[in-house]
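[1] structure for the following, please:
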Amino acid sequence: MAEQATKSVLFVYLGNICRSPIAEAVFRKLVTDQNISENWRVDSAGMPLTTEGRTA
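    Numbering: from 1, shown residues only. Below you'll find the predicted structure:
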């Protein structure tokens, strides 16, 4: 069987505290259940919440 290239997915949301880690965990579970986890690189990240440059 031909070797498949590794795919990457990155879940990003503000702070990386709740939504993006949960999305990462759900996706990891899905690819693990389908026995294709070795074909995926999965991660999550957060964006800093800033108010710089915003007006009231």
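
[2] quick one: Pro22 from Lys29, how far?
    Small correction: residue 22 is Ile, not Pro. 11 Å (C-beta to C-beta, to the nearest Å). Heads up, the C-betas are built off the backbone N, CA and C, glycines and all.

[3] got the contact list for the nearest residue to Lys7 once chain neighbours are set aside?
    Closest residue in space to Lys7, ignoring its immediate chain neighbours: Trp40 at 5.5 Å, by C-beta to C-beta, 6 or more residues apart in numbering. Residues in contact with Trp40, defined by C-beta atoms under 8 Å, 6 or more residues apart in numbering, are 6-9, 27, 31.

[4] now Trp40: how far from Val12?
    According to C-beta to C-beta, Trp40 stands 17 Å off from Val12.

[5] can you check Asn35 too?
    If you go by C-beta to C-beta, the gap between Asn35 and Val12 works out to 27 Å.

[6] looking at those two now, which is surrounded by more residues?
    For Asn35 against Val12, the residue with the higher neighbour count under other C-beta atoms under 10 Å is Val12, and the figures read 13 against 8.

[7] what residues are up against the most centrally placed residue in the chain?
    For the chain, the residue lying nearest the average C-alpha position, counting by C-alpha atoms, centre = their mean, turns out to be Phe11 (2.9 Å). By C-beta under 8 Å, 6+ apart, the contact list for Phe11 reads 19-21, 23-24, 27, 43-45.

[8] and for Ser8?
    Taking C-beta under 8 Å, 6+ apart, we find Ser8 in contact with 40-43.

[9] and the nearest residue to Ser20 once chain neighbours are set aside, helix, strand or coil?
    Here the nearest residue to Ser20 in space, its sequence neighbours aside, is Ser44; by C-beta to C-beta, 6+ apart that works out to 3.8 Å. For Ser44, the secondary-structure state derived from DSSP: H, G, I helix; E, B strand; the rest coil is strand.
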